[in-house]
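In: generate a structure from the sequence data that follows.
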Amino acid sequence: MKLFEKYTSKNLNLKNKIVMAPMTRSRADNSEYLANDLMQTYYAQRATAGLIITEGINISTESVGYINVPGIYTKEQTESWKKVTTAVHAEGGKIFAQLWHVGRISHPDFHDGKLPLAPSAVNPNSQAYTYNGFKDTVAPKEMTLEDIKRTIEDYVKSAVNAIEAGFDGVEIHAANGYLLHQFFALTSNKRNDEYGGSIENRGRILFEILDAVAKKVPISKVGLRLAPDLDGLFGMVKDNETQEMFEYLVKKVNDYDLAYLHFSGFTEKGDHPQKSIFEIAKHYREIYKGTFIINGGFLKESAEKALEENLADLVSFGVPFIGNPDLVQRFAVDAPLNNPDQDTFYTPGAKGYTDYPTLK
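Out: As a prediction, the model looks like this:
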């Protein structure tokens with residue numbers, strides 16, 4: 001099967017085409033938001049994946065919007081990740097750090113009472129899960145030019161820290177309704193300066209980040225995640241420029257020698273207004289010239305079909321990796337999969353995190 005074939009490009013050398021997708025697990029339950037021994041075990045258990053992409057990692061105190069999410073903006077945090085990358089490499093794995101800023105999908109509780117930052121002061125009318133439970137989101141603070149400049153620098157610093165921590169690369173999270181995606185969308189970006197209005201302006205921050213990161217980290221070690229057809233999540237609403245916006249982004253990304261481009265979506269329409277990831281991939285596969293990863297509810301058969309139809313080079317799996325640390329082996333021998341415990345997706349401790357049985 002194509003899933004188990006090695007994948008080699010100019011920038012990647014992977015033992016198979018199975019990628020572990022980034023998933024928030026909220027296990028950094030310490031005051032410094034350090035990567036801990038439990039996280040070391042969790043990622044090492046899953047190192048048979050061709051590539052692991054970590055949970056979203058906060059790039060600054062301003063980027064926070066969920067409880068117990070690790071950071072990579074301090075020296076101590078950077079040092080803490082070294083045991084994770086070392087453990088994954090010892091098992092023959094590769095691991096990228098996903099760099100995350102949630103923007104308006106946050107709450108003042110995370111920011112000492114200050115408003116979270118976003119492109120514009122538009123409330124997503126969602127909820128944030130704080131240390132005091134779910135709370136309604138508020139209208140965020142519209143970022144000043146100085147805020148934007150500082151945020152770009154935060155991405156650069158975090159990328160540098162990630163490489164220092166031993167990661168094989170970083171993924172810029174520009175999907176799923178978070179900060180960079182908020183700049184792209186007309187529903188969340190009402191600016192009238194150089195970061196708002198036209199498609200080029202709304203995409204500007206992404207390319208300024210890529211350009212700035214490339215001065216400190218080889219761009220070949222940088223991946224990018226986008227969600228071109230997201231509609232309805234976190235107040236994000238598609239508009240008559242959405243497709244043109246993402247076609248512009250993907251075409252321009254071709255100018256960068258990225259490690260990969262990673263799309264998230266859904267394998268089946270179901271109750272979702274979005275197109276299936278198969279439709280999305282087929283369209284953008286003709287536009288993007290580099291390594292292409294797709295994600296969104298895949299299992300072994302659907303992933304193999306996507307590879308056979310040349311819709312992508314690699315397929316990433318989320319939830320199946322939660323309950324199955326040996327997912328690659330289970331796929332290989334057609335073994336049944338463990339059912340993940342949704343009640344422990346975001347709870348502290350080993351239960352539902354590192355205690356799932358393997359075939360051994």
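In: all contacts plus neighbour counts: C-alpha atoms, from now on.
Out: OK.
In: for the helix or strand containing E208, C-alpha coordinates in PDB please.
Out: Following DSSP states H and E, the helix or strand that holds E208 is helix 199-214. Extracted in PDB, the C-alpha atoms of helix 199-214 (Å, rounded to 0.1, in the frame of the first residue of the first chain):
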ATOM      1  CA  ILE A 199      -6.900  39.900  -0.700                       C
ATOM      2  CA  GLU A 200      -3.300  40.800  -0.800                       C
ATOM      3  CA  ASN A 201      -3.500  42.900   2.300                       C
ATOM      4  CA  ARG A 202      -5.400  40.200   4.200                       C
ATOM      5  CA  GLY A 203      -2.800  37.700   3.400                       C
ATOM      6  CA  ARG A 204       0.100  40.000   4.100                       C
ATOM      7  CA  ILE A 205       0.800  38.900   7.700                       C
ATOM      8  CA  LEU A 206       1.400  35.300   6.700                       C
ATOM      9  CA  PHE A 207       4.000  36.100   4.100                       C
ATOM     10  CA  GLU A 208       5.700  38.600   6.500                       C
ATOM     11  CA  ILE A 209       5.900  35.800   9.000                       C
ATOM     12  CA  LEU A 210       7.400  33.400   6.500                       C
ATOM     13  CA  ASP A 211       9.900  36.000   5.300                       C
ATOM     14  CA  ALA A 212      10.900  36.800   8.800                       C
ATOM     15  CA  VAL A 213      11.200  33.200   9.900                       C
ATOM     16  CA  ALA A 214      13.200  32.400   6.800                       C
END
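In: chain center to that helix, what's the gap?
Out: Relative to its parent chain, helix 199-214 has a centroid offset of 17 Å by CA atoms, centre = their mean, to the nearest Å.
In: that helix packs against which elements?
Out: helix 145-164, helix 179-184, helix 242-253 (3 or more CA pairs under 8 Å, 6 or more residues apart in numbering; DSSP states H and E).
In: now do K305 against D229, distance only.
Out: Relative to D229, K305 is positioned 21 Å away (CA to CA, to the nearest Å).
In: which of these two has more neighbours?
Out: Between K305 and D229, D229 has the larger neighbour count (other CA atoms under 10 Å), namely 23 against 15.
In: sorry, back to before: of all the helices and strands packed on helix 199-214, which one is nearest T8?
Out: For T8, the closest of those is helix 242-253, at 20.1 Å, according to CA to CA.
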